[in-house]
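**Student:** when you get a sec, could you give me coordinates for this:
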Amino acid sequence: MKVKKATAVILCAAMTASVCACNSNKKSASEIEKVLKEYEAAIQETDGDAVLDLASWDEGDDDYANIEQLFEDANYTIDMESFKGYIASTIKVNFDSEDIEIEGDKTSVKVTYELVDWEKEYFSVSRDPDDLLDKLKDSDDTAKIRGRIKLEKVDGEWKITDITNLGDVFFFCFSYPLIDQDPSIDNTVTTVPNETDFDDYFNAAIAAYIELLESEEIRTGIKNIEDNYTHLYPCGSYDIDKDGIPELYFIAGDDTPTHNGSLYIYDYDEYAGKAVCVVEVPNVCYQAGDGGSVLLYTIPGGFVIQTATGGEMDWHVNTCAYDLDWFVIEELQYDEEIVFDGDDYDSMRIENSYYSNEETITEEEYLVSLLSYINSANVMLANHYYITAGSNEAPLLDLPEVTLQSYDEALNELYSLL
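**Tutor:** A predicted model of the protein is given here:
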């Protein structure tokens, strides 16, 4: 009887501790949800101070400075343009309460930012800012961006310690919509030139692209790709940086036996008076091993180039996200390698490595960043990539796609624009 009684006491104590821990976690989860709702309200108002009040950062921390700068820039733009203020007001921070897993005094929550699909309306011409605002308010389409928020209990309060991809959410603050000139402006005192400055700029850019394509080196390089990759159309043009002038991009190679091909993106430089290469990615295709592959697609405020290379013993996937000024936002890398212990082939195993801007990260962190680009993509510009229904890149197959062209088709189209 004494043994049974002692056992009962122990079980009772264990159950009591379990119930207390469960209640404590429920209370913490409720407090964390409250912080996330306050965070949502703060970003809807573009209130950087309110976001920082919810975080544990000091003014000397990089995270503090980055958030402070982001909201300073965002508010500067929004104060002048009411439609950007409206876009911010539509931002929702969605999360699943069941995903809040508390480990001691820390937690990491997956979130999905959802907001009006501003890009769709930005790049269809509006009469004026009020017209754009009306279009945005009438839109039922939404854009989604995945991210992660980490929190830690500090002095009894849950505080944010890390926020990912918030800059992607606020890309709309630093993009420019297509808005016609205000018809109320009186232009009667001005003379009407034969061509506008924009027309001159556009024609100069197209002429520069034609000159580039007709140069012996470029023509030969593109033709080599056409001759050796009969299934691959190597040329395309699209207004990647949203300035009204298309950029020219193509895959060109040399005449060596390996038939390597590199991706080039050219923009028109008004000061140089010629087309200049702004991005070059080597070895996007080659006739060896698995041959290499490349994806090029646009995202809000930028574009992404993803390449894959390797053979039987290793595989490398490199994903570079660029802003509209041709600077790299983030470079992700995934390496897969088959390794052995000396000559012991029975020890064969696959080792995976993940990097962001050359810093080692976890697989989960890698996927969060990669999928944030894939899920926010809007137009496919080039697809020479093996995508299966179950792959991370599968959503890209549903995008509108710019048709790639042969060398002759691209050149003829450019002539038609003059």
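**Student:** what stretches of the stretch 301-418 of the chain score poorly on pLDDT?
**Tutor:** Within the stretch 301-418 of the chain, the stretches with pLDDT under 70 are 311-312, 340, 342-345, 347.
**Student:** ditto for the stretch 1-150 of the chain
**Tutor:** Using pLDDT under 70, the stretch 1-150 of the chain drops low at 1-25, 76-80.
**Student:** can you do 50?
**Tutor:** Flagging of the stretch 1-150 of the chain using pLDDT under 50 yields the residue ranges 1-3, 7, 9-11, 13-21, 23.
**Student:** what ranges do the helices span in it?
**Tutor:** 2-44, 48-53, 62-80, 82-89, 118-122, 129-138 (DSSP state H, counting those that start in this stretch).
**Student:** what's the last one in contact with?
**Tutor:** Read that as helix 129-138. 81-83, 86-87, 116, 118, 121-122, 124, 126, 177, 179 (Cβ atoms under 8 Å, 6 or more residues apart in numbering). Placement of C-beta: from N, CA and C, glycine included.
**Student:** will you turn those into JSON lines that also has neighbour count and distance to D239?
**Tutor:** Formatted as JSON lines, these follow (neighbours: other Cβ atoms under 10 Å; distance: Cβ to Cβ, whole Å):
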{"residue": "E81", "neighbour count": "17", "distance to D239": "21"}
{"residue": "S82", "neighbour count": "13", "distance to D239": "26"}
{"residue": "F83", "neighbour count": "23", "distance to D239": "21"}
{"residue": "Y86", "neighbour count": "16", "distance to D239": "25"}
{"residue": "I87", "neighbour count": "24", "distance to D239": "21"}
{"residue": "V116", "neighbour count": "23", "distance to D239": "22"}
{"residue": "W118", "neighbour count": "26", "distance to D239": "17"}
{"residue": "E121", "neighbour count": "23", "distance to D239": "17"}
{"residue": "Y122", "neighbour count": "22", "distance to D239": "12"}
{"residue": "S124", "neighbour count": "11", "distance to D239": "13"}
{"residue": "S126", "neighbour count": "19", "distance to D239": "17"}
{"residue": "P177", "neighbour count": "21", "distance to D239": "14"}
{"residue": "I179", "neighbour count": "16", "distance to D239": "16"}
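**Student:** quickly check these for the two that are furthest apart.
**Tutor:** Pairwise distances across these (Cβ to Cβ) peak at 18.5 Å, for the pair S82 and S124.
**Student:** ok, L54 - contacts?
**Tutor:** By Cβ under 8 Å, 6+ apart, the neighbours of L54 are 35, 38-39, 42, 159-160.
**Student:** grab the most central residue of the protein for me.
**Tutor:** Y373 (3.4 Å; Cα atoms, centre = their mean).
**Student:** kindly provide the distance from that residue to D117.
**Tutor:** Plainly put, Y373 is 16 Å away from D117 if you go by Cβ to Cβ, to the nearest Å.
**Student:** one more: N318?
**Tutor:** Counting by Cβ to Cβ, the gap from N318 to D117 is 29 Å.
**Student:** was I right about N260 contacting N283?
**Tutor:** Yes. N260 lies in contact with N283 (Cβ atoms under 8 Å); the separation is 5.7 Å.
**Student:** of these two, who's got more company?
**Tutor:** Using other Cβ atoms under 10 Å, the more surrounded residue of N260 and N283 is N260, with 20 against 16.
**Student:** ok, now which ones touch that one?
**Tutor:** 253-254, 282-283, 285-286.
**Student:** so what's D335 up against?
**Tutor:** Contacts of D335 by Cβ under 8 Å, 6+ apart are 314-316, 352-355.
**Student:** and it, helix, strand or coil?
**Tutor:** strand (DSSP: H, G, I helix; E, B strand; the rest coil).
**Student:** for the remainder of this discussion, apply numbering that starts at 19.
**Tutor:** OK, 19 is where the count begins now, so the last one is D353.
**Student:** show me what Y373 bridges to in the sheet.
**Tutor:** Q351, T378 (DSSP bridges).
**Student:** report the separation between it and E383.
**Tutor:** In terms of Cβ to Cβ, Y373 sits 10 Å off from E383.
**Student:** same question for K124.
**Tutor:** 16 Å.
**Student:** ok, now G103?
**Tutor:** 32 Å.
**Student:** neighbour count for those two, which is higher?
**Tutor:** Of the pair G103 and E383, G103 is the one with more neighbours under other Cβ under 10 Å, namely 19 against 16.
**Student:** next up, phi/psi of N410, please.
**Tutor:** N410 adopts backbone torsions of phi -60, psi -30, taken as degrees, to the nearest 10.
**Student:** so it touches L385, yeah?
**Tutor:** Yes. Between N410 and L385 a contact is recorded at 7.1 Å, counting by Cβ under 8 Å.
**Student:** the host helix or strand of the residue nearest to the centre of the chain packs against which elements?
**Tutor:** Using DSSP states H and E, Y391 falls within helix 381-394. With contacts taken as 3 or more Cβ pairs under 8 Å, 6 or more residues apart in numbering; DSSP states H and E, helix 381-394 sits against strand 160-172, strand 332-341, strand 346-359, strand 362-374.
**Student:** give me the helices and strands touching the shortest one, please.
**Tutor:** Contact analysis of strand 332-341 by 3+ Cβ pairs under 8 Å, 6+ apart lists strand 320-328, strand 346-359, helix 381-394 as its packing neighbours.
**Student:** mind listing residues that contact that strand?
**Tutor:** Contacts of strand 332-341 (Cβ under 8 Å, 6+ apart): 297, 299, 308, 317, 319-328, 346-356, 388, 391.
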